[in-house]
Structures are given as structure tokens and as C-alpha cells.
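[1] coordinates only, no sequence provided:
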């Protein structure tokens, strides 16, 4: 085999040199690619799965954070939180506005303080179809024809039902077989902000037997805000959740909103949903919490500031972990917002 060297004539490379040369090239190529393992910019405890394939939606990056106590030789199993907009969770370099949520720091601190049980976090990155994947598809069917047309013309065909199928039928089984999880409903949660809050609530409405709780920060109710001045569409969206969220029994729901920019438009719609949650039997401070944060804007830095509250609300007051997958259920205890 001849390999051209930088002179005027082809040169035959000896076999042993060629093998060394080839191995070196392969090593360089592999070291330049990110496969399953640690993202080069991530802190320890984070496993990175680039371009996770799906039969339902476009491939996307997935990050899995393991708590500090996770060990290959241990038999302990962990609750799992599936979080939307996964690129905003762990690394400033990936996050919008270069401000991450600090999820790993928050969970580590709360666990060390004994306020929550340790858990695994699955960060699901969004894609160019974020709006289409996060807008609840069944609620969309209740919108008037003009609103439906404008949404599809602007953003494309909705994919949120398929997005949830990706999480429930593909991603969750992979996580449960790859890591030591507690796969039952009472140990499986979903969290998101803005449109990510919508899809998190929708996950609970569509799969109440899979998810035991949802935290929805700055839930973006006015989904047609940038298309037209339309108050009826968000009311229909809220009404959908009032009909299809599971009645109070074994689930936990958290909502919040600020008072600045986009968040200033949320209070009215959140109050409508709160009324429906009361009708469904939810009790504030037990299995449901809605909080208003004066002076908070619609950006990552404010969601980071108040992240401890939904984490503690979802992961509090659980009997001591045991090796089996399904812990005994207990009635949620009264919870008070930290001072």
C-alpha cells in the first residue's frame, strides 16, 4: 500500500509504521467524538448520550446525572426526575443565556441536609421542534380553527404525543435498565419551565400511571401570544388540564410564576387552573402547591433561585429506601415553603 509523503515521489510505508499510523488516526478520531460517557465540559456524575435515537421524534442529546452516593457495587435504587430543556440544567456553556439551573448542586445540598431522598436526573435536550413537542396535542384539538391554523403555519405539526411516547416507551425503559432506578410511579417525576412546564403537566395528564408528580415553573399558558391577541386559547388550554389531570390521590403538582415580562401574564390563567385543582380534590401544601414570586422574570437565573422548592416538594417525606422497586405509599405530609 502506498501513502503519499510530502516529496516528489510516492513512498511505500512499512507495514508496522502503517499500523501505528492507522491506530493513531483512529485514536484521535475517537477522542474527538463524544460517545456515551462524560461530556468533556461536564462535572463528574453526568453521563452524556448524544443524538439519542427515537422512532417517534428527532434524535436529541440526553444527559443523566447520578447522585454522589451512586456506586456500581451498591444495590440502592433511586427515584428519577425527567427534566425538559436539558441543556440548561448542568453547564453554563450549554445553557440559554449562559446560566444553568444548578440542578446537581441543588439536589446534592438538599440530600445532604436530609430534606429529600437522593435521585437520578435525566436531562432531555430540546430540539428545533421545541414548540411542537411541548404544546399539549390533545388540548390543541380544543382550540378554534383559526388558532390551530396559525399555530401549524407558524411552528409546524404538533408532536407532543409522540414526544411523550419517546419518554415513556423508549427513554424511560433505557434509563431503568441502564441505571439502578425505582421505576414505579411514586418515584418517577417530571419538571420543566415555560413551555417545558406545559409538557410536564401534560405528561401527568396523559400518563398518570407512569408519573407520580410534576413541577411546572412559569407555565406558559398564553401559547398564541406571539400570533395574535387571543385570551380564549389559553383558557381552553387551562380547561383541558382541569378535565384531564388525575384527581387527587397519589400525585403531586407544583406550579409557580413570577411578576415580570412573560410571567406577568400568567397569574389569571394559573388562578383558573387552581380553581380546577381544588375541584379535583387537591389540597394546597399537601399534594399541590402554587406559588407567586414577586420580582421574578422569565429566565433561567430565577428558576435556579427557586428550584429547591419544587425539588423538596416532590421528593420529601418518603420512607427509608429499600432494595425493592415499589415502596409503600404514604399520605403526603403538610409541607411549608422554606423561609
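    Thanks, I have it. Since this is a predicted model, take the numbers as computed values, not measurements.
[2] now do the contacts for residue 207.
    164, 168 (Cβ atoms under 8 Å, 6 or more residues apart in numbering). To be clear about C-beta, it is placed using only N, CA and C from the backbone, and glycine gets the same treatment.
[3] ok, it to residue 169 distance?
    Distance, residue 207 to residue 169, using Cβ to Cβ, to the nearest Å: 10 Å.
[4] where does the stretch 1-150 of the chain dip in pLDDT?
    Along the stretch 1-150 of the chain, the model assigns pLDDT under 70 to residues 1-44.
[5] and the helices in it?
    For the stretch 1-150 of the chain, applying DSSP state H, counting those that start in this stretch gives helices covering 15-32, 103-112, 130-134, 137-140, 145-155.
[6] and the shortest one, what does it pack against?
    Under the contact criterion of 3 or more Cβ pairs under 8 Å, 6 or more residues apart in numbering; DSSP states H and E, helix 137-140 touches helix 160-165, helix 195-206, helix 232-244.
[7] for that helix, buried residues please.
    For helix 137-140, the neighbour count (16 or more other Cβ atoms under 10 Å) marks 137, 139-140 as buried.
[8] can you pull out the strands in the stretch 51-200 of the chain?
    Along the stretch 51-200 of the chain, counting by DSSP state E, counting those that start in this stretch, strands occupy 60-65, 79-83, 119-124, 188-193.
[9] which ones are touching residue 232?
    144, 147 are the contacts of residue 232 under Cβ under 8 Å, 6+ apart.
[10] from residue 275, how far out is it?
    Using Cβ to Cβ, residue 232 is found at 17 Å from residue 275.
[11] same question, residue 55
    In this view, residue 55 and residue 275 are 39 Å apart by Cβ to Cβ.
[12] the two: which is more packed in?
    Set residue 55 next to residue 275 and count neighbours by other Cβ atoms under 10 Å: residue 275 wins out with 12 against 9.
[13] can you tell me the closest non-neighbouring residue to the more buried one?
    Among residues not flanking residue 275 along the chain, residue 242 sits closest, at 7.9 Å (Cβ to Cβ, 6 or more residues apart in numbering).
[14] OK, contacts around the residue nearest the centre of the chain?
    Closest to where the C-alpha atoms of the chain average out (Cα atoms, centre = their mean) is residue 83, at 1.3 Å. Neighbouring residues of residue 83 by Cβ under 8 Å, 6+ apart: 89, 103, 121-124, 190-192, 196.
[15] mind putting the helices and strands packed on helix 137-140 in TSV, mean pLDDT and distance to residue 281 included?
    Formatted as TSV, the helices and strands packed on helix 137-140 follow (pLDDT from 0 to 100; distance: least, Cβ to Cβ, whole Å):
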stretch	mean pLDDT	distance to residue 281
helix 160-165	98	24
helix 195-206	98	15
helix 232-244	96	12
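[16] figure out which of the ones you listed is closest to residue 287.
    For residue 287, the closest of the helices and strands packed on helix 137-140 is helix 195-206, at 11.9 Å, according to Cβ to Cβ.
[17] turn the strands of the stretch 51-200 of the chain into TSV, including distance to residue 279.
    As requested, these are exported to TSV (distance: least, Cβ to Cβ, whole Å):
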stretch	distance to residue 279
strand 60-65	36
strand 79-83	28
strand 119-124	31
strand 188-193	23
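[18] deepest-packed of the ones you listed, please.
    strand 188-193 (a mean of 28; mean count of other Cβ atoms under 10 Å).
[19] can you give the strand pairings for that strand, parallel or anti for each?
    Strand 188-193 pairs in its sheet with strand 79-83 (parallel), strand 213-217 (parallel), by DSSP bridges.
[20] compute the inter-axis angle for the first one and helix 103-112.
    If you take axes from the mean of the first three to the mean of the last three Cα atoms, to 10 degrees, strand 79-83 sits at 150 degrees to helix 103-112.
[21] quick one: strand 79-83 to chain centroid distance?
    In terms of Cα atoms, centre = their mean, to the nearest Å, the centre of strand 79-83 is found 7 Å from the chain centre.
[22] that strand vs strand 60-65, what angle?
    Going by the same axes, to 10 degrees, strand 79-83 makes 140 degrees with strand 60-65.
[23] so of the helices and strands packed on helix 137-140, which one's packed in deepest?
    Ranked by mean neighbour count under mean count of other Cβ under 10 Å, the helices and strands packed on helix 137-140 are led by helix 195-206, which reaches a mean of 25.
[24] just checking, what packs against that helix?
    Using 3+ Cβ pairs under 8 Å, 6+ apart, helix 195-206 is in contact with helix 130-134, helix 137-140, helix 160-165, strand 188-193, strand 213-217, helix 232-244, strand 252-258.
[25] also compute the angle for that helix relative to strand 252-258, please.
    If you take the same axes, to 10 degrees, helix 195-206 sits at 160 degrees to strand 252-258.
[26] what about helix 195-206, distance to the chain center?
    Taking mean C-alpha positions (Cα atoms, centre = their mean), helix 195-206 and its chain are 10 Å apart.
[27] so what pLDDT did residue 329 get?
    According to the prediction, residue 329 has pLDDT 36.
[28] going forward can the numbers begin at 15, since that is how I track them
    Okay, using 15 as the starting number, the last item reads as residue 343.
[29] of the contacts of residue 97, closest to residue 74?
    Distance to residue 74 across the contacts of residue 97 (Cβ to Cβ) is lowest for residue 138, with 6.6 Å.
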